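**Q** Could you work out the structure for the sequence below:
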Amino acid sequence: MKAVPKVNIDGLYLEDMLMDDAISGVVPFYEEIEPQPPADLDEEGDAEGQTEEEAEPEPEITGYIVGVPVMPGLFMPRFDIPAWEAYQDDLQAAESDYRQAYDEWQVQPEDERGEPPTYVTPEMPTLWIEGLTQEEIEELTRPQPQEPNEVDRLGSEMVARELEAMELRQQNEAQGAQIVGLELRLLSLENS
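**A** A predicted model of the protein is given here:
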């Protein structure tokens, strides 16, 4: 089993699904169709006024299961379905060209053949692209004002309380010095 990307109809990544290791390529998946109750039947057992095609709705493609791994580093990966389809057309054309060249090579006399033709696989295009615009990426990556967490908030409160305590100690020392000064004045007045 391996995780393969699941994309919507536009190719935007939805989620990973666990699939068999053998999956490759792109496989469509369809919307679930709710079973319809049987229509009114006429005397012959046929639905009134409906043909077989009208009775069962055609399923719609709602997305794809993609056997091509997602390229890392994308903010919102999007699978380029038209590029995949064009690549599949290129593969078929390359196979057809190879078969034709091989058939032509094979009908030549053995002493005139030379080396058999080789199959050249077309280069796979970049199939996973960024689904966000540059402006959307800049908005996502812009530094956000960070709200302090619980530890930071408690640390700030503790520093504030320590500053208040230090200020109270200083006021206490100043008042203590004033009291000592007043007591000394009283003693000197009593002694005089």
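**Q** Look through this protein and tell me its longest helix.
**A** Among all segments of the chain classified by DSSP state H, the helix with the greatest residue count is helix 150-191.
**Q** quick one: average pLDDT of it?
**A** Confidence over helix 150-191, taken as the mean pLDDT, stands at 90.
**Q** Remind me what it packs against, helices and strands.
**A** When contacts are defined as 3 or more CB pairs under 8 Å, 6 or more residues apart in numbering; DSSP states H and E, helix 150-191 sits against none of the other helices and strands. In short, each C-beta sits where N, CA and C put it, glycine included.
**Q** Provide a list of residues in contact with residue 105.
**A** The neighbourhood of residue 105, defined by CB atoms under 8 Å, 6 or more residues apart in numbering, consists of 113-114, 116-117.
**Q** count of residues packed around residue 87?
**A** For residue 87, the count of nearby residues is 17 (other CB atoms under 10 Å).
**Q** Buried residues, stretch 131-145. List them.
**A** 131-132 (16 or more other CB atoms under 10 Å).
**Q** List the contacts of that stretch.
**A** Counting by CB under 8 Å, 6+ apart, residues outside stretch 131-145 touching it are 11-13, 74-78, 130.
**Q** For those residues, give me a markdown table that also has pLDDT.
**A** Compiled in a markdown table, those are given as follows (pLDDT from 0 to 100):
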| residue | pLDDT |
| --- | --- |
| 11 | 92 |
| 12 | 92 |
| 13 | 92 |
| 74 | 91 |
| 75 | 92 |
| 76 | 93 |
| 77 | 95 |
| 78 | 95 |
| 130 | 93 |
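**Q** CSV for those residues, including secondary structure, distance to residue 123 and neighbour count?
**A** Listed next are the contacts of stretch 131-145 as CSV, based on DSSP: H, G, I helix; E, B strand; the rest coil; distance: CB to CB, whole Å; neighbours: other CB atoms under 10 Å:
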residue, secondary structure, distance to residue 123, neighbour count
11, coil, 20, 23
12, strand, 25, 14
13, strand, 24, 18
74, coil, 21, 15
75, coil, 26, 11
76, coil, 25, 14
77, strand, 21, 21
78, strand, 20, 19
130, strand, 21, 15
